[in-house]
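Engineer: Here is a sequence together with a model predicted from it:
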Amino acid sequence: MGEPTAQEAADLPAAIMPAVAPVLPSFVRVLRVRKDTHDTWTIWLERPDGYPDHRAGQFNMLYAPGVGEVPISIASSARESRTRIAHTIRRVGAVTRRLTSLRRGETIGLRGPYGSAWPVAESQGADVVVVAGGLGLAPLRPAIVELLARRKRYGALALLYGARTPADLLYTAELGKWRSVLDFQLLVTVDRADRSWHGHIGVVTTLIPAVTFDPQNTVALVCGPEIMMRFAVRDLLDRGVPARRIYVSLERNLQCAVGFCGHCQLGPKFICADGPVFAFDEIAPYFSVREL
Amino acid sequence: MAGTVYVLPKERFQELLDRLKADGYQVVGPVLRDGAIVYDDLHSVDQIPRGWVDQQEPGRYQLVHDRSQRWFTFTPGPLSLKRFLFPPSLSLFRVRRNGDGVQLQVTMPEPPRYAFVGVRACDLAAVAVQDRVYIDRQGLFSDGYYAAARRKALFIAVECQSYAATCFCSSMGTGPEVNHTADVVLLELEDRFVAQPRSERGAAVLTPLALEQATDEELQRAKHYVRQAAADMERQVDLTDIRDLLLRNLENPRWDQVATRCIACANCTMVCPTCFCFSFQEVTDLTGNEAERRRVVDSCFNPEFSYAFGVEVRQSVASRYRQWLTHKFATWYDQFGVSGCVGCGRCITWCPAGIDVTEELSAIRASDGSRKEQL
Amino acid sequence: MTPPETIQDVRSHPFFKDLPEQVVEAVLSLAKERDYAEGAWLCREGDPADRFFLILSGTVAVELHAPHTGKRRIQTLGAGDAVGWSWLIPPHRWQFDVFTVRPTRVAEFDAQELRKLCESDHTVGYYVTKRLLEVVSRRLAAARIQLMDMYA
């Protein structure tokens, strides 16, 4: 690849204009708001004009004018609706405080979809093990919806979901529905609970030995706190799942969402553009390096 | 185009500047300001810091006047072309609340039509790197402001015939000969410049001046000084296997050692002609009804630059220095196919602690494979 | 006498995975299959640790009681898990409460017999101890992750 000369650069297509297009939000209405837990809400937004069908695992940038912009993973599948998009948002900072205070009918900025996706279609014929921790269930939800919509095309399907306490569990109504799906192993665990909780207690990784799958022919989708992902990946590797078939979704602060502002770099990767979903073997050399 | 080489007598240099102005360019070139040579508006040849020589060393920059008749005996000062092509603070758009809805107005200004005069090989190599960062990324973002400014800009380069003690462009393969980007390359002789057009646009600038052709002797003599400078430049970086060397030394104790000197002031990233990291800034008016979104320069040396799950990722200065150096010399290759360093030496001169990247790289190479044993 | 199909169940328990055949046989010879109804104690804190369990199906909970927090459920265990290591280590006293939260089938071992086997045949003792150490190590790692309160 040669260096571009001034002339070549001068002849670049006009497609690069309008200049600010990549960072311009569309303004859309809030269609529905649901409180999921004491600190987490799901909001449904109308889909902007020209917005393409997103893929499971991608994210949008949500912009609250005067406050700021944050990346939020998309919690709905394009299969479910082509007119609205769900985002599950935890209230942790100024922007998410604003986003979780929105009411139906209010307007908010949105740009996207961005990033890589879970290999849902690519995993046909394989067993799929989904490991979710906390809010990590949100970006995995559209993948689960899509896996279940075409249940017959997959081998064993399992969802292992861990949360802090029973009150922190997301999508409880839907978990109930999934529980009754035949041929779908759903295991839910919490870190702590009182006696009214009859389910599992313990970290989500301890559930991995409890599910049935053929490691060599398994695709694993993992999303949650970094520690949980580290241990989940280790346990999956121990079970014999190949590193290239273990997918993780990483989190870093990111601002431009198009591989440019530099904030979300992990080694050579821009998490926003090369990720957020990575096959583990792509990032293995960097994943556990401290402060990288 | 290649082949025809002209002579531009020094007394006609002003004509060139006037020509550019008449063609609608905003002419930018080296001028003396606040004790340093910087790029700024250049209207007159008298502004060129003729006969000034910069003495640059780790953490030190000083100008002295020499008695030679040479015009471009100095090497690049703290400013690169970055501040023109990728301004440190740029308005993007404004949003005004309007009942239940909002009104959005794009505020990004149209970039000027710059003619950069007297720019050097390292800065032009940096522009070539920036092209890859800002424009040439298949399917990814292209920075509209940069692309527009770049498309309009004209580059009239001067090849360096001297070097500062901090320069190491020759070992980076980026200078002092100009291989990138230029529309016209000038080579200085006693009373004249040899002018080589490198693009149609460059030729179009020279043609109206009706210059005489240079002789091969003139060209060779001017080139000789440049080659001599290249050969004499002492500071070097050994690029052998550099990417893998750095990436297998992420736990090298050297990072902790350099961190005892580094004060994480971010100067190196500010003066670096290729550092591109930025942040968005949300500026609100007092009523809260109107917000402006700006793009402002940022640095990986700022602790809040990178965080995950609400916690800063790179809490130690060692990890931030490592991020900077490994980005420049290792992961830049993965991302953009070239080194992120052009050997201009600015980060060495303008580091208040006098930290020298070339020394740090040598130290890593010398201690290849060692791992820190203490927390 | 334990029926052969049950022995097969116990033999395929992960606790025996990759252990030498003679060790598996020796330990299996002491196994007794047993069913517990929901709400039955397997271990009570402070009691003599007189048994060792391999869970074949069902769920048990590990609890600790403290005056200020009441009963704190630390962990649940299920099929494929081993319960109890206090039986091996003096003073042979349970450190936690463990009881079934669902009907649970276990392979149960008498601690005294198992200890005797381990003492008399150090090969068996070594493999059993090493395997139990793996269980302890994994459980400790999980407890440490839990301690991080990673979802906070």
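Structural biologist: Great, that's in hand. Numbering: from 1, shown residues only, chains lettered A, B, ... in the order given.
Engineer: Tell me the residue of the stretch 101-250 of chain B that sits nearest chain C?
Structural biologist: Relative to chain C, the nearest point of the stretch 101-250 of chain B is residue B:250 (23.8 Å; CB to the nearest CB). For glycine as for every other residue, the C-beta is placed from the backbone atoms N, C-alpha and C.
Engineer: Sorry, wrong one. I was asking about the stretch 251-375 of chain B.
Structural biologist: For the stretch 251-375 of chain B, the residue closest to chain C is residue B:309, as judged by CB to the nearest CB, at 8.8 Å.
Engineer: who's in contact with that residue?
Structural biologist: Contact analysis of residue B:309 by CB atoms under 8 Å, 6 or more residues apart in numbering or on different chains lists A:225, A:226, A:251.
Engineer: before we move on, back to that, just the pLDDT for the closest residue to the residue of the stretch 101-250 of chain B closest to chain C other than its chain neighbours.
Structural biologist: Nearest residue to residue B:250, sequence neighbours excluded (CB to CB, 6 or more residues apart in numbering or on different chains): residue A:289, at 5.3 Å. Residue A:289 is assigned a pLDDT of 89 by the prediction.
Engineer: Please report the number of neighbouring residues for residue A:289.
Structural biologist: Residues within reach of residue A:289, counting by other CB atoms under 10 Å in any protein chain shown, total 14.
Engineer: For the stretch 201-350 of chain B, what lies in contact range of chain A?
Structural biologist: B:201-202, B:247, B:250-251, B:276-280, B:282, B:284, B:288, B:290-291, B:293, B:295, B:298, B:300, B:305-310, B:313-316, B:318-319, B:322-323, B:326-327, B:330-331, B:334-335, B:337 (CB under 8 Å from any CB of the partner chain).
Engineer: Just the buried subset of these, please.
Structural biologist: Neighbour-count burial within these applies to B:201-202, B:247, B:250, B:276-280, B:282, B:290-291, B:293, B:295, B:298, B:300, B:305-309, B:313-314, B:316, B:318-319, B:322-323, B:326-327, B:330-331, B:335; the criterion is 16 or more other CB atoms under 10 Å in any protein chain shown.
Engineer: And the closest residue in space to residue B:272 that isn't next to it in sequence, what's its pLDDT?
Structural biologist: Closest residue to residue B:272 apart from its sequence neighbours, by CB to CB, 6+ apart: residue B:347 at 5.8 Å. Note for residue B:347: predicted pLDDT of 97.
Engineer: a strand runs through residue B:340, doesn't it?
Structural biologist: No. The assignment for residue B:340, made by DSSP: H, G, I helix; E, B strand; the rest coil, is coil rather than a strand.
Engineer: Distance check, it against residue B:324.
Structural biologist: Remark: distance between residue B:340 and residue B:324 (CB to CB, to the nearest Å) = 10 Å.
Engineer: before we move on, what about residue A:57?
Structural biologist: Separation of residue A:57 from residue B:324 (CB to CB) stands at 31 Å.
Engineer: what do you get for residue A:56?
Structural biologist: 35 Å.
Engineer: and what of residue B:270?
Structural biologist: Relative to residue B:324, residue B:270 is positioned 12 Å away (criterion: CB to CB).
Engineer: Is there a neighbour count for the residue of the stretch 1-150 of chain B found nearest chain A? I'd like the number.
Structural biologist: For the stretch 1-150 of chain B, the nearest residue to chain A under the criterion CB to the nearest CB is residue B:144, separated by 2.5 Å. Using other CB under 10 Å as the criterion, residue B:144 is surrounded by 21 other residues.
Engineer: Could you do residue B:68 as well?
Structural biologist: If you count neighbours by other CB under 10 Å, residue B:68 ends up with 12.
Engineer: Show me what from the stretch 51-200 of chain A comes close to chain B.
Structural biologist: Residues of the stretch 51-200 of chain A found near chain B, taking CB under 8 Å from any CB as the criterion, are A:65, A:66, A:67, A:68, A:69, A:92, A:93, A:105, A:106, A:107, A:109.
Engineer: now, which of these lie within helices?
Structural biologist: In helices, defined here by DSSP state H, there are no members of these.
Engineer: mind giving me a markdown table with those residues and columns for distance to chain C, neighbour count and pLDDT?
Structural biologist: Rendered in a markdown table, the data for these read as follows (distance: CB to the nearest CB, whole Å; neighbours: other CB atoms under 10 Å in any protein chain shown; pLDDT from 0 to 100):
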| residue | distance to chain C | neighbour count | pLDDT |
| --- | --- | --- | --- |
| A:65 | 30 | 26 | 91 |
| A:66 | 29 | 18 | 90 |
| A:67 | 24 | 18 | 92 |
| A:68 | 23 | 19 | 93 |
| A:69 | 25 | 23 | 95 |
| A:92 | 11 | 15 | 91 |
| A:93 | 15 | 13 | 90 |
| A:105 | 32 | 9 | 92 |
| A:106 | 29 | 13 | 92 |
| A:107 | 32 | 19 | 93 |
| A:109 | 29 | 21 | 94 |
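Engineer: of those, closest to residue B:206?
Structural biologist: residue A:69 (47.2 Å; CB to CB).
Engineer: The closest one reaches residue A:95, doesn't it?
Structural biologist: Yes. With contacts counted by CB atoms under 8 Å, residue A:69 reaches residue A:95, the gap being 6.8 Å.
Engineer: Spell out which residues are contacts of both of the two.
Structural biologist: A shared contact of residue A:69 and residue A:95, defined by CB under 8 Å, 6+ apart, is any residue touching both; here these are residue A:62.
Engineer: number of nearby residues for residue 89?
Structural biologist: No chain was given, so I picked chain A. A count of nearby residues for residue A:89, using other CB under 10 Å, gives 24.
Engineer: ah, I was thinking of chain B
Structural biologist: Based on other CB under 10 Å, the number of other residues close to residue B:89 is 11.
Engineer: In contact with the residue nearest to it when sequence neighbours are not counted, which residues?
Structural biologist: Of all residues not flanking residue B:89 in the chain, residue B:296 sits nearest, at 4.8 Å (CB to CB, 6+ apart). Residue B:296 makes contact with B:88, B:89, B:90, B:278, B:279, B:280, B:281, according to CB under 8 Å, 6+ apart.
Engineer: quick one on the thing from earlier: residue A:56 and residue B:324: who's more crowded?
Structural biologist: Regarding residue A:56 and residue B:324, a neighbour count based on other CB under 10 Å identifies residue A:56 as having more, with 27 against 24.
Engineer: Give me the pLDDT for that one.
Structural biologist: We have a pLDDT of 97 for residue A:56.
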